[in-house]
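Colleague: what's the 3D shape of this:
(4 chains, ligands or ions: 4)
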2 protein chains.
Amino acid sequence: MSEKFSQKRTLSGVIAKLKTAGLRPTRQRIALAKLLFEPNDRHVTAEDLHKKAITASISVSLATVYNTLHQFTQKDLLREVVVEPGRSYFDTNTDDHHHFFNENTGSLEDIPSDQIFVSALPSAPLGTKVRRVDVIVRVEEAAD
Amino acid sequence: MSEKFSQKRTLSGVIAKLKTAGLRPTRQRIALAKLLFEPNDRHVTAEDLHKKAITASISVSLATVYNTLHQFTQKDLLREVVVEPGRSYFDTNTDDHHHFFNENTGSLEDIPSDQIFVSALPSAPLGTKVRRVDVIVRVEEAAD
DNA sequence: TCAATAGATTAGAACGGTTCTAATGAAGGA
DNA sequence: TCCTTCATTAGAACCGTTCTAATCTATTGA
Ligand SMILES: [Mn+2]
Ligand SMILES: [Mn+2]
Ligand SMILES: [Zn+2]
Ligand SMILES: [Zn+2]
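Modeller: Ligands and ions are numbered 1, 2, ... in the order given. Next comes the predicted model:
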């Protein structure tokens, strides 16, 4: 597969993905989607992604990065993961899964849902229904 | 049990608790501990507790509320619960347990650890050890 | 092809929860 | 009581995030 062709495929794939989600394929959204939707899943903060874009010479404002991350989340292209106060992570893996969170480094690692099992829960509080079950395994650097 | 006696018991109990933890029983810490360590477990934010104190005519600064919550957490009198970005909850229940989190109201409800079971996990990332496993069941108001 | 329009982007201000600073006050040991 | 250490405080600073309102761009249908 030539580089040009692979680039083209990525580009058209990204545009299709945006259109399918009902989002206009703007220069900024296309560029951010390309950074996000690489083969390997990623867990990024808004500022991570903004830095990454700037480094890649993609001119985009921080406000647009936030807008885009939230729109992608709303359209189920991303998932928001909350593990520490004052900072949101966005996850390119939208499958049902869980996380290891390293409290020393701030890094997130997926736990596929078939590698963990949460028993039947007590019933949800009256008048509510379960939207999602998040398991966060908090780890720390082991003492030597 | 007379009210005076019950008050005295609470006061001396609280002071003992602080001393045991290695914290000077100051006026502010005693007052906040009394608000926190009531029979029923609570999930409060710093601003919740500060308001509660002011309402109860306890003069204490917000900075001291934050200091105290963090000190209590460090001494294992409280546990921090992270469920939404930009706001920390402090939990008077320090036993191993999990939570329902109502995303509409922001309320937390305990799930005793014997009412939920998380299977053996995949091993923690290399060089790390598990500090805690948090299960957060996110619920929302049910449609009518 | 070209308005017209709806939607997107942007810089910078504002926001809200939290932390810091450095000055004052209180606890507790000698 | 005096002294040292620790705690409290008001207010400023901080920092991630959201808002504002001006500018720009994608889309569409004439
Ligand atoms: Mn990061
Ligand atoms: Mn609250
Ligand atoms: Zn993930
Ligand atoms: Zn709890």
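Colleague: Which pLDDT value goes with the most centrally placed residue in chain A?
Modeller: The C-alpha lying nearest the average C-alpha coordinate of chain A belongs to A:D91 (Cα atoms, centre = their mean; 1.9 Å). We have a pLDDT of 98 for A:D91.
Colleague: Distance of the residue nearest to A:R132 when sequence neighbours are not counted relative to A:H98?
Modeller: For A:R132, ignoring the flanking residues on the chain, the nearest one in space by Cβ to Cβ, 6 or more residues apart in numbering or on different chains is B:R138 at 4.7 Å. All C-beta spots, glycine's among them, are computed from the backbone N, C-alpha and C. Per Cβ to Cβ, to the nearest Å, B:R138 is found 13 Å from A:H98.
Colleague: What ranges does chain A have for its helices?
Modeller: For chain A, helices defined by DSSP state H occupy the ranges A:3-20, A:27-36, A:46-55, A:62-74.
Colleague: And those helices, which one averages the lowest pLDDT?
Modeller: helix A:3-20 - the lowest mean pLDDT of these, at a mean of 74.
Colleague: what's the neighbour count on the closest residue in space to A:I54 that isn't next to it in sequence?
Modeller: Among residues not flanking A:I54 along the chain, A:V60 sits closest, at 7.8 Å (Cβ to Cβ, 6+ apart). Here the number of neighbours of A:V60 (other Cβ atoms under 10 Å in any protein chain shown) works out to 20.
Colleague: wait, what's in contact with A:V60?
Modeller: By Cβ atoms under 8 Å, 6 or more residues apart in numbering or on different chains, A:V60 lies in contact with A:28, A:31-32, A:50, A:53-54.
Colleague: Return the residues of chain A in contact with ligand 1.
Modeller: Counting by Cβ under 5 Å from the ion, chain A comes close to ligand 1 at A:45, A:48.
Colleague: care to break chain A down by domain?
Modeller: Domains of chain A are assigned by automatic domain parsing as A:2-90, A:96-139.
Colleague: Which of those sits closest to ligand 3?
Modeller: Smallest distance to ligand 3 across these (Cβ to the ion): 4.3 Å, for domain A:96-139.
Colleague: just to revisit the earlier point, would TSV of the domains of chain A with distance to DNA strand D be doable?
Modeller: Below are these laid out as TSV (distance: least, Cβ to the nearest atom of the strand, whole Å):
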stretch	distance to DNA strand D
domain A:2-90	4
domain A:96-139	11
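Colleague: Ligand 4 is nearest to which of the ones you listed?
Modeller: Nearest to ligand 4, of the domains of chain A and by Cβ to the ion, is domain A:96-139 at 13.4 Å.
Colleague: Pull up the distance across the closest one, start to finish.
Modeller: For domain A:96-139, the first-to-last residue distance is 21 Å (Cα to Cα, to the nearest Å).
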